[in-house]
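> what would the 3D arrangement of this be:
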Amino acid sequence: QYSGTAGKIENCQVAVHLVYATDAGHAMLDTALYLPKSWCDDVERRAEAGVPEQVRFATKPQLASRMIAAAVTAGLPCRWVAGDEAYGNDPRLAARLRQLRLGYVLAVACSHQVITGLGVYRVDALAAGLPATAWQRLSAGRGAKGHRYYDWSFTALPHAADAHGGHHWLLIRRNRRTGELAFYRCWTPEAVPLRSLVLVAGRRWKIEESFQAAKTGLGLDQHQNRRWTSWHRWTTLAILAHAFLAAATTSHRHHDNPAGLIPLTVNELRHLFNVLIIEPARRRCDPLLWSVRRRRHQARAMTSHYARQALTEP
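Numbers count the residues shown, from 1 in each chain. Next comes the predicted model:
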(Lines give C-alpha, C1' and ligand atoms only; values in the text may rest on other atoms or scores of the structure.)
Protein backbone atom coordinates (compact mmCIF):
# COMPACT_ATOMS: atom_id res chain seq x y z
CA GLN A 1 0.00 0.00 0.00
CA TYR A 2 1.02 3.63 -0.33
CA SER A 3 3.22 4.99 2.47
CA GLY A 4 3.50 8.72 3.00
CA THR A 5 6.83 8.22 4.77
CA ALA A 6 8.32 6.28 1.86
CA GLY A 7 6.49 8.37 -0.75
CA LYS A 8 5.58 5.27 -2.77
CA ILE A 9 3.82 1.90 -2.64
CA GLU A 10 5.68 -0.32 -0.18
CA ASN A 11 5.28 -3.47 1.87
CA CYS A 12 4.31 -1.61 5.01
CA GLN A 13 1.74 -1.04 7.73
CA VAL A 14 -0.14 2.26 7.98
CA ALA A 15 -1.91 3.46 11.10
CA VAL A 16 -3.92 6.46 12.27
CA HIS A 17 -2.69 7.97 15.55
CA LEU A 18 -4.50 10.30 17.94
CA VAL A 19 -2.20 12.81 19.68
CA TYR A 20 -3.30 14.96 22.62
CA ALA A 21 -1.50 18.30 22.81
CA THR A 22 -1.62 21.02 25.46
CA ASP A 23 0.60 23.95 26.39
CA ALA A 24 2.36 21.71 28.92
CA GLY A 25 3.05 18.67 26.75
CA HIS A 26 1.83 16.22 24.13
CA ALA A 27 1.54 12.45 23.78
CA MET A 28 -0.16 9.76 21.72
CA LEU A 29 -3.46 8.52 23.12
CA ASP A 30 -4.81 6.01 20.65
CA THR A 31 -4.07 4.24 17.38
CA ALA A 32 -5.90 2.27 14.72
CA LEU A 33 -4.34 0.04 12.08
CA TYR A 34 -5.53 0.89 8.59
CA LEU A 35 -6.41 -2.12 6.44
CA PRO A 36 -6.81 -1.56 2.68
CA LYS A 37 -10.05 -2.80 1.15
CA SER A 38 -8.15 -5.56 -0.66
CA TRP A 39 -7.07 -6.89 2.75
CA CYS A 40 -10.53 -6.67 4.26
CA ASP A 41 -12.05 -8.63 1.37
CA ASP A 42 -9.40 -11.39 1.47
CA VAL A 43 -10.68 -14.07 3.89
CA GLU A 44 -7.54 -16.23 3.77
CA ARG A 45 -5.19 -13.30 4.34
CA ARG A 46 -7.28 -12.04 7.24
CA ALA A 47 -7.24 -15.48 8.88
CA GLU A 48 -3.48 -15.84 8.46
CA ALA A 49 -2.85 -12.42 10.02
CA GLY A 50 -5.36 -12.97 12.84
CA VAL A 51 -7.62 -10.04 11.95
CA PRO A 52 -10.83 -10.26 14.05
CA GLU A 53 -14.00 -11.06 12.15
CA GLN A 54 -15.78 -7.89 13.34
CA VAL A 55 -13.16 -5.63 11.74
CA ARG A 56 -14.51 -4.05 8.54
CA PHE A 57 -12.97 -1.68 6.04
CA ALA A 58 -12.79 1.92 7.25
CA THR A 59 -11.12 4.95 5.73
CA LYS A 60 -8.51 6.87 7.70
CA PRO A 61 -10.94 9.73 8.45
CA GLN A 62 -13.46 7.16 9.70
CA LEU A 63 -10.85 5.66 12.01
CA ALA A 64 -9.95 9.14 13.25
CA SER A 65 -13.62 9.97 13.84
CA ARG A 66 -14.07 6.85 15.97
CA MET A 67 -11.02 7.59 18.12
CA ILE A 68 -11.94 11.24 18.64
CA ALA A 69 -15.52 10.34 19.58
CA ALA A 70 -14.26 7.71 22.02
CA ALA A 71 -11.87 10.21 23.65
CA VAL A 72 -14.59 12.86 24.01
CA THR A 73 -17.07 10.30 25.38
CA ALA A 74 -14.47 9.23 27.95
CA GLY A 75 -14.30 12.81 29.23
CA LEU A 76 -11.08 14.06 27.64
CA PRO A 77 -11.03 17.88 27.97
CA CYS A 78 -10.45 19.23 24.47
CA ARG A 79 -11.68 22.09 22.27
CA TRP A 80 -9.88 21.70 18.94
CA VAL A 81 -8.90 19.13 16.32
CA ALA A 82 -6.09 19.57 13.80
CA GLY A 83 -5.16 17.28 10.92
CA ASP A 84 -3.61 17.11 7.46
CA GLU A 85 -5.25 16.95 4.03
CA ALA A 86 -6.21 13.28 4.35
CA TYR A 87 -8.67 14.34 7.06
CA GLY A 88 -9.52 17.87 5.92
CA ASN A 89 -10.79 16.67 2.55
CA ASP A 90 -13.41 14.37 4.15
CA PRO A 91 -16.67 16.28 4.76
CA ARG A 92 -18.08 13.51 6.96
CA LEU A 93 -15.28 13.88 9.51
CA ALA A 94 -15.82 17.66 9.61
CA ALA A 95 -19.56 17.15 10.15
CA ARG A 96 -18.88 14.71 12.98
CA LEU A 97 -16.57 17.21 14.69
CA ARG A 98 -19.24 19.90 14.44
CA GLN A 99 -21.72 17.48 15.97
CA LEU A 100 -19.28 16.96 18.86
CA ARG A 101 -18.92 20.78 19.16
CA LEU A 102 -15.19 20.56 18.55
CA GLY A 103 -13.55 23.41 16.68
CA TYR A 104 -11.20 22.29 13.95
CA VAL A 105 -8.41 23.51 11.68
CA LEU A 106 -8.02 20.86 8.97
CA ALA A 107 -5.67 21.20 6.01
CA VAL A 108 -7.22 20.89 2.54
CA ALA A 109 -5.83 20.61 -0.98
CA CYS A 110 -5.36 23.65 -3.21
CA SER A 111 -8.16 22.28 -5.42
CA HIS A 112 -10.62 22.28 -2.52
CA GLN A 113 -13.77 24.27 -3.26
CA VAL A 114 -15.67 26.57 -0.91
CA ILE A 115 -19.04 28.29 -1.16
CA THR A 116 -18.97 32.08 -1.00
CA GLY A 117 -21.52 34.80 -1.57
CA LEU A 118 -20.35 35.02 -5.19
CA GLY A 119 -20.45 31.31 -5.92
CA VAL A 120 -18.20 28.24 -5.63
CA TYR A 121 -14.45 28.82 -5.89
CA ARG A 122 -11.24 26.85 -5.58
CA VAL A 123 -9.26 27.98 -2.56
CA ASP A 124 -6.14 28.73 -4.63
CA ALA A 125 -8.21 30.99 -6.88
CA LEU A 126 -9.47 32.91 -3.85
CA ALA A 127 -5.92 33.28 -2.53
CA ALA A 128 -4.73 34.73 -5.84
CA GLY A 129 -7.29 37.53 -5.60
CA LEU A 130 -6.50 38.65 -2.06
CA PRO A 131 -5.11 42.19 -1.64
CA ALA A 132 -1.92 42.85 0.31
CA THR A 133 -3.94 44.22 3.22
CA ALA A 134 -5.62 40.82 3.72
CA TRP A 135 -2.44 39.24 5.09
CA GLN A 136 -1.17 39.39 8.68
CA ARG A 137 2.19 38.17 9.93
CA LEU A 138 1.74 35.93 12.97
CA SER A 139 3.69 33.22 14.75
CA ALA A 140 2.30 29.69 14.67
CA GLY A 141 4.30 28.88 17.80
CA ARG A 142 7.79 28.82 19.22
CA GLY A 143 10.46 26.59 17.73
CA ALA A 144 14.06 25.75 18.62
CA LYS A 145 15.25 28.36 16.09
CA GLY A 146 12.71 31.06 16.84
CA HIS A 147 9.05 31.81 16.28
CA ARG A 148 7.45 30.17 13.24
CA TYR A 149 6.33 33.30 11.42
CA TYR A 150 4.07 33.09 8.37
CA ASP A 151 1.70 35.42 6.57
CA TRP A 152 -1.93 34.48 7.27
CA SER A 153 -5.30 35.38 5.86
CA PHE A 154 -8.75 34.16 6.84
CA THR A 155 -12.12 34.59 5.23
CA ALA A 156 -15.52 33.91 6.76
CA LEU A 157 -17.70 31.44 4.84
CA PRO A 158 -21.26 32.24 5.98
CA HIS A 159 -22.78 30.33 3.08
CA ALA A 160 -21.17 27.11 4.35
CA ALA A 161 -23.33 27.11 7.52
CA ASP A 162 -25.36 24.00 8.27
CA ALA A 163 -27.63 22.57 10.97
CA HIS A 164 -24.78 22.66 13.52
CA GLY A 165 -24.45 26.45 13.35
CA GLY A 166 -21.14 27.98 14.32
CA HIS A 167 -18.66 29.86 12.15
CA HIS A 168 -16.91 28.56 9.04
CA TRP A 169 -13.58 29.97 7.87
CA LEU A 170 -11.01 29.53 5.14
CA LEU A 171 -7.53 29.98 6.59
CA ILE A 172 -4.55 30.51 4.25
CA ARG A 173 -0.88 30.34 5.22
CA ARG A 174 1.84 31.86 3.05
CA ASN A 175 5.53 31.12 3.44
CA ARG A 176 7.34 34.42 3.80
CA ARG A 177 10.33 33.35 1.70
CA THR A 178 9.00 30.96 -0.93
CA GLY A 179 5.42 32.20 -1.18
CA GLU A 180 4.15 28.63 -0.90
CA LEU A 181 0.53 28.46 0.22
CA ALA A 182 -1.28 26.08 2.56
CA PHE A 183 -5.06 26.00 3.05
CA TYR A 184 -7.26 25.05 6.01
CA ARG A 185 -10.98 24.61 6.50
CA CYS A 186 -11.92 25.84 9.98
CA TRP A 187 -15.02 25.79 12.14
CA THR A 188 -15.73 27.10 15.62
CA PRO A 189 -18.88 27.10 17.79
CA GLU A 190 -18.20 30.76 18.63
CA ALA A 191 -16.40 33.50 16.74
CA VAL A 192 -12.63 33.55 17.39
CA PRO A 193 -9.78 35.84 16.32
CA LEU A 194 -7.31 34.85 13.61
CA ARG A 195 -4.59 34.23 16.19
CA SER A 196 -6.57 31.38 17.75
CA LEU A 197 -6.85 29.55 14.42
CA VAL A 198 -3.15 30.11 13.72
CA LEU A 199 -2.13 28.61 17.06
CA VAL A 200 -4.27 25.52 16.43
CA ALA A 201 -2.72 25.12 12.97
CA GLY A 202 0.71 25.31 14.60
CA ARG A 203 -0.18 22.56 17.05
CA ARG A 204 0.11 20.07 14.20
CA TRP A 205 3.87 20.19 14.71
CA LYS A 206 3.30 18.50 18.05
CA ILE A 207 2.04 15.48 16.14
CA GLU A 208 5.27 15.29 14.16
CA GLU A 209 7.33 15.72 17.33
CA SER A 210 5.48 12.83 18.95
CA PHE A 211 6.11 10.62 15.92
CA GLN A 212 9.79 11.51 15.84
CA ALA A 213 10.28 10.74 19.52
CA ALA A 214 8.29 7.49 19.38
CA LYS A 215 10.03 6.24 16.23
CA THR A 216 13.64 7.25 16.79
CA GLY A 217 13.80 6.62 20.51
CA LEU A 218 11.12 4.08 21.35
CA GLY A 219 10.98 1.84 18.28
CA LEU A 220 7.41 2.58 17.21
CA ASP A 221 8.23 1.56 13.63
CA GLN A 222 11.13 -0.81 14.35
CA HIS A 223 9.32 -4.14 14.37
CA GLN A 224 8.60 -7.04 12.05
CA ASN A 225 5.13 -7.96 13.25
CA ARG A 226 2.88 -9.58 10.69
CA ARG A 227 -0.10 -10.45 12.86
CA TRP A 228 -2.92 -8.27 14.21
CA THR A 229 -2.39 -8.97 17.90
CA SER A 230 1.40 -8.66 17.77
CA TRP A 231 1.21 -5.32 16.00
CA HIS A 232 -1.20 -3.90 18.56
CA ARG A 233 0.88 -5.15 21.48
CA TRP A 234 4.07 -3.59 20.14
CA THR A 235 2.40 -0.29 19.25
CA THR A 236 0.64 -0.07 22.62
CA LEU A 237 3.92 -0.56 24.49
CA ALA A 238 5.65 2.14 22.41
CA ILE A 239 2.77 4.59 22.96
CA LEU A 240 2.70 3.81 26.68
CA ALA A 241 6.44 4.46 26.96
CA HIS A 242 6.05 7.78 25.16
CA ALA A 243 3.12 8.76 27.40
CA PHE A 244 5.21 7.96 30.51
CA LEU A 245 8.08 10.17 29.30
CA ALA A 246 5.69 12.97 28.25
CA ALA A 247 3.97 12.96 31.66
CA ALA A 248 7.30 12.95 33.49
CA THR A 249 8.70 15.90 31.51
CA THR A 250 5.45 17.83 31.96
CA SER A 251 5.67 17.30 35.72
CA HIS A 252 9.28 18.47 35.69
CA ARG A 253 8.34 21.74 33.98
CA HIS A 254 6.24 22.77 36.97
CA HIS A 255 9.50 23.20 38.90
CA ASP A 256 11.95 26.04 38.46
CA ASN A 257 14.30 25.37 35.55
CA PRO A 258 18.03 26.04 36.17
CA ALA A 259 19.29 29.14 34.40
CA GLY A 260 20.95 28.47 31.07
CA LEU A 261 19.20 25.15 30.44
CA ILE A 262 16.27 24.30 28.19
CA PRO A 263 13.40 22.42 29.88
CA LEU A 264 13.77 18.67 30.12
CA THR A 265 12.60 17.02 26.88
CA VAL A 266 11.20 13.58 26.14
CA ASN A 267 14.37 12.61 24.26
CA GLU A 268 16.63 13.76 27.08
CA LEU A 269 14.61 11.97 29.74
CA ARG A 270 14.68 8.79 27.66
CA HIS A 271 18.46 9.05 27.48
CA LEU A 272 18.72 9.54 31.25
CA PHE A 273 16.32 6.68 31.89
CA ASN A 274 18.48 4.38 29.77
CA VAL A 275 21.80 5.23 31.39
CA LEU A 276 20.55 5.50 34.99
CA ILE A 277 17.99 2.69 35.16
CA ILE A 278 18.68 0.26 32.32
CA GLU A 279 22.47 0.59 32.66
CA PRO A 280 22.86 1.09 36.43
CA ALA A 281 26.47 -0.06 36.49
CA ARG A 282 27.66 3.20 34.99
CA ARG A 283 28.63 6.11 37.20
CA ARG A 284 25.57 8.28 37.66
CA CYS A 285 27.40 11.57 37.73
CA ASP A 286 28.72 11.14 34.19
CA PRO A 287 25.37 10.90 32.34
CA LEU A 288 23.91 13.66 34.50
CA LEU A 289 26.80 15.97 33.60
CA TRP A 290 26.39 15.11 29.92
CA SER A 291 22.66 15.85 30.19
CA VAL A 292 23.33 19.27 31.68
CA ARG A 293 25.92 19.95 28.98
CA ARG A 294 23.49 19.04 26.16
CA ARG A 295 20.67 21.14 27.60
CA ARG A 296 23.00 24.10 28.20
CA HIS A 297 24.27 23.89 24.61
CA GLN A 298 20.70 23.74 23.30
CA ALA A 299 19.69 26.69 25.47
CA ARG A 300 22.58 28.80 24.11
CA ALA A 301 21.70 27.84 20.55
CA MET A 302 18.04 28.73 21.10
CA THR A 303 18.96 32.10 22.63
CA SER A 304 21.19 32.88 19.65
CA HIS A 305 18.50 31.88 17.14
CA TYR A 306 15.90 34.08 18.81
CA ALA A 307 18.30 37.02 19.07
CA ARG A 308 19.18 36.74 15.38
CA GLN A 309 15.51 36.47 14.44
CA ALA A 310 14.73 39.63 16.47
CA LEU A 311 17.35 41.54 14.50
CA THR A 312 16.02 40.44 11.12
CA GLU A 313 12.29 40.82 11.82
CA PRO A 314 10.77 44.09 10.58
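> what's the nearest residue to residue 169 if we skip its chain neighbours?
residue 186 (4.0 Å; Cβ to Cβ, 6 or more residues apart in numbering). Glycine gets a C-beta too; all of them are placed from N, C-alpha and C.
> pretty sure the one you found is in a strand, no?
Yes. With DSSP: H, G, I helix; E, B strand; the rest coil as the criterion, residue 186 is located in a strand.
> quickly note the distance from it to residue 11.
According to Cβ to Cβ, to the nearest Å, residue 186 and residue 11 sit 37 Å apart.
> how would you label residue 183: helix, strand or coil?
Of the three states, residue 183 takes strand under three-state DSSP.
> can I assume it is in contact with residue 171?
Yes. Using Cβ atoms under 8 Å, residue 183 is in contact with residue 171, at 7.3 Å.
> quick one, which of residue 186 and residue 11 is more surrounded?
Set residue 186 next to residue 11 and count neighbours by other Cβ atoms under 10 Å: residue 186 wins out with 25 against 7.
> list the beta-bridge partners for the more buried one.
residue 105, residue 169 (DSSP bridges).
> any low-confidence regions in the stretch 201-314 of the chain?
Residue ranges of the stretch 201-314 of the chain with pLDDT under 70: 254-257, 279-286, 313-314.
> where along it do the helices fall?
204-216, 228-252, 266-273, 285-312 (DSSP state H, counting those that start in this stretch).
> adding mean neighbour count and distance to residue 43, write those out as JSON lines.
JSON lines is the format used below for the helices of the stretch 201-314 of the chain (neighbours: other Cβ atoms under 10 Å; distance: least, Cβ to Cβ, whole Å):
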{"stretch": "helix 204-216", "mean neighbour count": "17", "distance to residue 43": "33"}
{"stretch": "helix 228-252", "mean neighbour count": "17", "distance to residue 43": "14"}
{"stretch": "helix 266-273", "mean neighbour count": "18", "distance to residue 43": "42"}
{"stretch": "helix 285-312", "mean neighbour count": "13", "distance to residue 43": "52"}
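> returning to that earlier point: now do the residue nearest to residue 169, the pLDDT please.
pLDDT recorded at residue 186 is 97.
> what of the one 10 residues further on?
The confidence metric pLDDT takes the value 95 at residue 196.
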